[in-house]
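Novice: this is a predicted model, with the sequence first.
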Amino acid sequence: MELAFVIEKFVLITVIFSLSLVVAMYSTLAERKIAAFLQDRVGPNRAGWGGMFQPIADGAKLFFKEEIIPTDSSRFLFIVGPSLAILTACIGSAVIPWGQPMLIAGREINLQVTDINVGILYVFGIVSLGVYGIMIGGWASNNKFSLMGAIRAASQNISYEIPMGLSLIALLLVTNTLSLKEITEQQHGWHWNVLYQPLGFILFLVCSFAETNRTPFDLPECETELVGGYHTEYSSMKMGFYLFAEYINMFISSAVMTVLYFGGYNYPGMDLVNNILGPTWGPLIGVAVMFIKIFMFIFFFMWVRWTVPRFRYDQLMNLGWKILIPLAIANIVITGVWLTYVVK
Amino acid sequence: MNHPLLTDNDPQKETTTLNLGPTHPATHGVFQNVLEMDGERIVSGVSTIGYIHRAFEKIAEHRPFYQITPLTDRMNYCSSPINNMGWHMTVEKLLNIQVPKRVDYLRVIVMELARISDHLVCNGILGVDTGAFSGFLYLMEEREHIYEIYEEICGARLTTNVGRIGGFERDFNDIAFAKIKKFLLKFPPILKEFETLFNRNRIFIERTAGVAAVDPETALNFSWSGPILRATGVDYDVRVNEPYSSYEDFDFEIPVGTNGDVYDRYIVRNEEMWQSLRIIEQAMQKLEKEQKGIFHADVPEFYLPPKEQVYNNMEALIYHFKIVMGEIDTPKTEVYHCVEGGNGELGFYLVNDGGRSPYRLHFRRPSFINYQMYASMSAGMLLSDAILNMSSLNVIAGELDA
């Protein structure tokens, strides 16, 4: 393995890692600003211009807060919980293709940390691991509210992974590949998968809400019933990790949805722009487009959160098992029939 | 703590004990419910009350009548003016004071504003408890406008202590009337927006419809009153059944529900806000026909004279002295007066022995009576439903414990 390759990947990993952290950080500000916008308020505007330094102030505050570990808790697991949550959230971005290969100093640089041929499965595996952080933290807290939140989180994530996976199977029938890079390339020139898989996309979107524990599926931490849910007993940055993990997860899910259904870094007139700007600067436009799409999804996540009420536990399960799973199976059948008899 | 459920440490128990409250974000106020839970389902519960019991009934026995008004403020603090007016009317009933029509109409305006603010809080909080926060803030802004009207009328916002025995301490000023008119114009679109956000929201309906449904018979057996009784289908409203403060002059409807569930209570409260708006509009029209400047009954022996007169007029000085020192004879009798409070029939049972303060005063606090059924209702419910039920019963801690 040549040194240049190692350096290239190292830089790329660092950039993507810090980028997803920054996006997550500013998602907290965006969330508060969007909430304020939807609720006729101003929102945070004290720290920096328009509250620009609010996330930094929040982070600093969380680090300086006293750490409280309950006496009756399992100390080791109590610390493992949030660490696992943030870890799994952070490594999900490894397989996402952020842009077309870029030409820097005569060297083609792939804007994707790794293009493994089972990219989707990797994302799935990581997302499934995410619930362990919540489960362990909720269990280790030795608090009934935390435990209930953790149980809700576990059953919710397991239930919603099934329709999510099923909706992806229909997508894979169309794409014939598991590599996220290839899926993106296939969507070049308005062949966005959302046009071929509208139902699949809606199912995937709903499941993403559930997987990231966002309203209307925020039962694991619903404050009006379970105080703080699984993070009731957490304080200082350990709680910050949980909240942070949620925002990173939201970012990753938005990125995955963009890649799978909305063409990733593809945009209309892409070839023309690339010809004008050349192979060094052209792909950067693609990266920007990718991020615009991601931010639109993040906005959608927040918009929904501040509009609708949340489900009840049993209704959540009913929706998952009795509505989403049959719909996803129907989607697979329809896609299969369509591919066999119409497209051939 | 010595609690039957909390001290039960049987290791073989299949259920778990959950201590909900007194400081739980969903219990708006200090209520404790020790619940026996089977997973998410409540098997049984025990309510603890009395966390903010301040012995108002006992304190009232040592206070002159006019000093009891501030105590009533602190019962249902979401709609203090109704409590104030109810108390004034009780004393007026005891003393046989006839209040001019204009005072009645002014009182109706204040009471209906209070009812709107009470229902605003309850329905807004119901939204928060289901997880939709924004609607609550839309409504809170309007409550702020109502409080600004209170400020114009009496200078206070939450614990208003508005009015005096026999009328008001001062007339409404022009700004107050202007603000009321502005409120009548601005509020309907916002309430409409709130209703579009919730009334037909699928998730909201699924969360609330059929939850904690109560049949009229049970509700009456537990002596429920107010919106939650009307939600079960019983059209009992003190304003119509036993009109006070000239409510018989007004044309308004009593909304009733059918199932008595959380959704019906929500709808009934919303509809009552519309009716209250109608009443305020009518009252504003009626006020224009009344002679201006009358804001209290002509009862010099009970209504404190203005300070300039006290210093310059001998009779006023005598009355001032007698009222403050409690030297005025009051009838030896007992009266009961009730008003339609935000949560139901708010009653004042006053036993008088002729002195300066009541011999015995009992507040019939609707929250206290409505809350009785809560623990037994909760059995068999999911935790989420029990919390919505509590929020739609609109139990106000101050009124529960008094």
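Specialist: Happy to help now that I have it.
Novice: please identify the helix or strand for the nearest residue to A:Trp321 once chain neighbours are set aside.
Specialist: Of all residues not flanking A:Trp321 in the chain, A:Ser159 sits nearest, at 6.3 Å (Cβ to Cβ, 6 or more residues apart in numbering or on different chains). Quick note: C-beta positions are derived from backbone N, CA and C, even for glycine. A:Ser159 belongs to helix A:144-175 when assigned by DSSP states H and E.
Novice: in that helix, what counts as buried?
Specialist: A:144-157, A:159-161, A:163-168, A:170-175 (16 or more other Cβ atoms under 10 Å in any protein chain shown).
Novice: and B:Leu71, what pLDDT?
Specialist: Per-residue pLDDT puts B:Leu71 at 90.
Novice: which other residues reach the helix or strand harbouring it?
Specialist: Assigned by DSSP H and E, B:Leu71 belongs to helix B:69-73. Applying Cβ atoms under 8 Å, 6 or more residues apart in numbering or on different chains, the external contacts of helix B:69-73 come out as B:56, B:59-60, B:63, B:80, B:83-84, B:86-88, B:158-161, B:163, B:363.
Novice: which of those residues tops the neighbour count?
Specialist: B:Asn83 (32 neighbours; other Cβ atoms under 10 Å in any protein chain shown).
Novice: residues in contact with residue 274?
Specialist: Going with chain A. So A:Asn274 contacts A:Gln100, A:Gly282, A:Pro283, A:Ile285 (Cβ under 8 Å, 6+ apart).
Novice: hmm, I had chain B in mind actually
Specialist: So B:Trp274 contacts B:Pro188, B:Leu191 (Cβ under 8 Å, 6+ apart).
Novice: let me know the helix or strand that it is in.
Specialist: Using DSSP H and E, B:Trp274 falls in helix B:262-289.
Novice: from chain B, how far off is A:Ser20?
Specialist: Going from A:Ser20 to chain B by Cβ to the nearest Cβ, to the nearest Å gives 27 Å.
Novice: the residue found closest to that residue once you drop the neighbours it is linked to in the chain and chain B: what is the separation?
Specialist: Spatial nearest neighbour of A:Ser20, excluding adjacent residues (Cβ to Cβ, 6+ apart): A:Ser93 at 5.2 Å. Using Cβ to the nearest Cβ, A:Ser93 is found at 29 Å from chain B.
Novice: name all residues that make contact with A:Ser93.
Specialist: By Cβ under 8 Å, 6+ apart, the residues touching A:Ser93 are A:Ile16, A:Phe17, A:Ser20, A:Val113, A:Phe251, A:Ile252, A:Ala255.
Novice: give the buried residues for the helix or strand in which the third one is found.
Specialist: So that's A:Ser20. According to DSSP H and E, A:Ser20 maps onto helix A:3-38. Buried residues in helix A:3-38, defined by neighbour count with 16+ other Cβ under 10 Å: A:8, A:12, A:16, A:20-21, A:23-36, A:38.
Novice: what do you get for stretch B:183-198?
Specialist: Those would be B:Phe183, B:Phe187, B:Leu191, B:Phe194, B:Glu195, B:Leu197, B:Phe198, for stretch B:183-198 by 16+ other Cβ under 10 Å.
Novice: now do the same contact list for the residue of the stretch 1-150 of chain A found nearest chain B.
Specialist: Proximity of the stretch 1-150 of chain A to chain B (Cβ to the nearest Cβ) peaks at A:Gln39, 4.4 Å away. Applying Cβ under 8 Å, 6+ apart to A:Gln39 gives the contacts A:Trp306, B:Phe133, B:Ser134, B:Leu137, B:Tyr138.
Novice: make it 7 Å
Specialist: Contact analysis of A:Gln39 by Cβ atoms under 7 Å, 6 or more residues apart in numbering or on different chains lists A:Trp306, B:Ser134, B:Leu137.
Novice: I'd say the second one and A:Val304 touch.
Specialist: No. Counting by Cβ atoms under 7 Å, no contact exists between B:Ser134 and A:Val304, whose distance comes to 11.3 Å.
Novice: neighbour count for the two, which is higher?
Specialist: The residue with more neighbours, out of B:Ser134 and A:Val304, is B:Ser134; 21 against 15, by other Cβ under 10 Å.
Novice: show me what from chain A comes close to chain B.
Specialist: Along chain A, the residues adjacent to chain B under the rule Cβ under 7 Å from any Cβ of the partner chain are A:38-40, A:144, A:148, A:215-216, A:218, A:222-225, A:227, A:306-315.
Novice: what does B:Lys292 show for phi and psi?
Specialist: phi -70, psi 160 (degrees, to the nearest 10).
Novice: what's around it, how many residues?
Specialist: Neighbours of B:Lys292 (other Cβ under 10 Å): 9.
Novice: state the distance from it to chain A.
Specialist: B:Lys292 is 37 Å from chain A, by Cβ to the nearest Cβ.
Novice: so what pairs up with B:Val46 in the strands?
Specialist: B:Val34 (DSSP bridges).
Novice: shouldn't A:Thr232 be in contact with A:Ser146?
Specialist: Yes. Taking contacts as Cβ under 7 Å, A:Thr232 lies within contact range of A:Ser146: 4.9 Å.
Novice: how about A:His188: what's its closest non-neighbour residue?
Specialist: Using Cβ to Cβ, 6+ apart, the closest residue to A:His188 is A:Asn266 (5.3 Å).
Novice: for the one you found, give its distance to chain B.
Specialist: On the measure of Cβ to the nearest Cβ, A:Asn266 and chain B end up 35 Å apart.
Novice: would you confirm that that residue contacts A:His191?
Specialist: No. Assessed by Cβ under 7 Å, A:Asn266 is found out of contact with A:His191, at 8.5 Å.
Novice: settle it for me: which of the two has more neighbours?
Specialist: Taking other Cβ under 10 Å, A:Asn266 and A:His191 do not tie; A:Asn266 has more neighbours (23 against 13).
Novice: could you list which of the contacts of helix B:69-73 belong to helices?
Specialist: Among those, the members found in helices (DSSP state H) are B:Phe56, B:Ile59, B:Ala60, B:Ser80, B:Asn83, B:Asn84, B:Gly86, B:Trp87, B:His88.
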